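Undergrad: From the sequence below, what's the structure:
(chains A and B)
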Amino acid sequence: MQTMIPRPTTCAWKVWRRNWDVFFKTYRVNFLPPFIEPVLYLLAIGYGLGMFVGEIEGIPYVLYIAPALLAISMMNSSFFECTYSSFVRMYYQKTFDAMISTPLSIEDVIAGELLWGATRSFIYATAMLVVLVAFGVVSLPSSLLVIPFSFLAGLLFSGIAMCFTAITPGIDTLNYPAFLFITPMFLFSGTFFPLSVLPEALQVFAVGVLPLAQVVTVTRSLTLATPLPLFFYSLAWIASCTAIFFFLSIHLMKKRLVV
Amino acid sequence: MDFTERELSRVNNPSHEREELPVKPIIEGRGLRKEFGTVKAVDDITFSVMPGEVFGFLGPNGAGKTTTMKMIECVSPATSGMLTVFGLDVNRDPRGIKRWLGVVPQETNLDPDFTTLENLLVYARYFGIPSAEARQRSEELLSFVQLSEKRDVPIEKLSGGMKRRLILARALVNSPRLLILDEPTIGLDPQARHLMWEKLKALQAAGNTIVLTTHYLEEAERLCNRLVIMDHGKILVEGTPGDLIRQYAGEDVVEADYTPRVVRCLEEIGARFEVHGDMVQVFSDRPKEVATRLLSDCNPGRVFVRRGSLEDVFLSLTGRALRD
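TA: Numbering: from 1, shown residues only, chains lettered A, B, ... in the order given. Down below sits the predicted model:
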């Protein structure tokens, strides 16, 4: 009866637009993190800790972590939007129920949420990039490509997040992916130190399956204006997994909500 | 009031498309079933709702009313059976149906991130209504439900009755051909409930087709042209409130204190009665005679004669056991 591949329509933008409107109602609060966070991290870790680290693979430490800050911001902004925030809208606010009483389908609703998660990554990465440019820790013009890339990376994390949201029994159990998946990934994806210092098995694991490792590789290539060895591999990995998780998450959400 | 006048003109205007349609049911369900695992929430029901009618689904909790509403709203697929709304199949053309539906859900699901007016505007956008038109219609609807002065207030600042009225306004934003209300006055105080009824009456007078579920029987008696009483997923009876009362409760009901002597008297007369707590309820087509007899011969503490109500029908059909 139901086709396996979900087919959202352009109506998804109406859902996206709802979230956009809410975001800009409270923009002052929302714009705080992307401007404050990089300043703190650059000062404390980039310059502070960087004094002792010096260089990594011939790159000054502050330049080494600048792209990682961008990648982490893309991950956090989209992942947390499509887990906790989407769950609140779905479960507590019943916003999805209200939406599907209109011509919108559940596919439209979830697609709109995913695109919004990607947009949040885009907004945060762009704002953060402004700060990083001001500090002179990213190369121009190649770093400008981070802006469109942040949308793609955001869509990847949104899709992964929405899969968790589709299967979580309650809001508390979303802490599992947050602490067992996102937090370790934040530390072990070549963010603050290179993967090459890890045991070989872990290196293979990170390069093979950790989404943030791919996003860091691409972002670092762009901000340093030198493609790293795995640049194209990572880009292809991100593109294909984004497509998979986009449809998978809509499918799982449909299973959860259409009863 | 602009809005009501417009609704009226829509009905009275013979050139309007609605008038040109042959009289076909707005909703038609045949052999409709919905199962959740082994639970039969809706078990083979057949019904039809005609244009301009206020049609009620009554029943205790868990009777299958809300499940039926969700199938009509195209958000929950039926396990089997046929269901059409506006002549369209709910499985094939949900978007086409939902375009013309107005839904008041049981649970308040207004968008807490927006104000009163914004709730209507955002909702209108889901229907693809152009923003100038949406704004005008929203203002009209706010005045219709008497919320104009609350237009810029956040949702959390509204009272329960205001929220329900706002949901009603929201359900009207797309000028629906069919309004579905699931427990429209649940949890409201009498004032708020009467205001809601007044609004629904106005919509009914304007020729709207309305389907509602309720377990407030007074509400059903006041509003519904026709209704069904459901229990355990099945439709027990269907009819106008008046017919059902005459058929299942009698025009008048006699109530008296429950004493052995009263019971003996009633048995002598051969009257049908039920014991509820410390009262007996007598169903009779000769209520005055019964009451006179009780008063003169049986020394009852209290005797009342009152009009039969839908509540009598409801309780006699669905029993008095508690449901959750």
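
Undergrad: what residues does the stretch 51-200 of chain A put near chain B?
TA: A:Q93, A:K94, A:T95, A:D97, A:A98, A:M99, A:I100, A:S101, A:T102, A:P103, A:L104, A:S105 (CB under 8 Å from any CB of the partner chain). Using the backbone N, CA and C atoms, a C-beta is placed for each residue, glycine as well.

Undergrad: contacting residues around the nearest residue to the fifth one once chain neighbours are set aside?
TA: Excluding its sequence neighbours, the residue lying closest to A:A98 (CB to CB, 6 or more residues apart in numbering or on different chains) is B:N109, at 4.4 Å. With contacts defined as CB atoms under 8 Å, 6 or more residues apart in numbering or on different chains, B:N109 is in contact with A:Q93, A:K94, A:T95, A:D97, A:A98, B:I167.

Undergrad: now do 7 Å
TA: Going by CB atoms under 7 Å, 6 or more residues apart in numbering or on different chains, B:N109 touches A:K94, A:T95, A:D97, A:A98.

Undergrad: Next, count neighbours for the last one.
TA: Pointing back at A:A98 there. Using other CB atoms under 10 Å in any protein chain shown, A:A98 has 25 neighbouring residues.

Undergrad: Does it fall in a helix, a strand, or a coil region?
TA: helix (DSSP: H, G, I helix; E, B strand; the rest coil).

Undergrad: before we move on, back to that, of the contacts of B:N109, closest to chain B?
TA: Taking CB to the nearest CB as the measure, chain B lies nearest A:K94 of the contacts of B:N109, at 3.5 Å.

Undergrad: Let me see the confidence value for the nearest residue to B:K150 once chain neighbours are set aside.
TA: Ranked by CB to CB, 6+ apart and with sequence neighbours excluded, the top spatial neighbour of B:K150 is B:T116, at 5.0 Å. As predicted, B:T116 sits at a pLDDT of 97.

Undergrad: Tell me who's in contact with B:T116.
TA: Neighbours of B:T116 in contact, by CB under 7 Å, 6+ apart: B:L142, B:L147, B:K150, B:R151, B:V153, B:I155, B:L158, B:L166.

Undergrad: how does it look with 8 Å?
TA: B:L142, B:L147, B:K150, B:R151, B:D152, B:V153, B:I155, B:L158, B:L166.

Undergrad: Just list whatever residues bridge to whichever residue of the stretch 201-324 of chain B sits closest to chain A.
TA: Sorted by distance to chain A under CB to the nearest CB, the residues of the stretch 201-324 of chain B start with B:V211, at 13.8 Å. Beta bridges link B:V211 to B:F55, B:I180, judged by DSSP bridges.

Undergrad: And for it, the neighbour number?
TA: B:V211: 24 surrounding residues under other CB under 10 Å.

Undergrad: That one contacts B:L179, doesn't it?
TA: Yes: contact criterion CB atoms under 8 Å: B:V211 and B:L179 qualify, at 7.3 Å.

Undergrad: pLDDT weak spots in the chain?
TA: If you meant another chain, say so; for now it's chain A. Low-confidence segments of chain A (pLDDT under 70): A:1-4.

Undergrad: Hmm, no, I was thinking of chain B.
TA: Applying pLDDT under 70 to chain B flags residues B:1-22, B:320-324.

Undergrad: distance between the lengthiest helix in chain A and the chain's centre?
TA: Ranked by number of residues, the top helix in chain A under DSSP state H is helix A:106-135. Centroid displacement of helix A:106-135 relative to its chain, using CA atoms, centre = their mean, to the nearest Å, is 8 Å.

Undergrad: Would you mark the buried spots in the very next helix or strand once past it?
TA: Where DSSP states H and E defines the elements, the next helix or strand beyond helix A:106-135 is helix A:146-167. Residues of helix A:146-167 classed as buried: A:146, A:149-166 (neighbour count, 16 or more other CB atoms under 10 Å in any protein chain shown).

Undergrad: neighbours of the nearest residue to A:V146 once chain neighbours are set aside, just the number please.
TA: Among residues not flanking A:V146 along the chain, A:L222 sits closest, at 5.2 Å (CB to CB, 6+ apart). By other CB under 10 Å, 23 other residues sit near A:L222.

Undergrad: Thanks a lot, catch you later.
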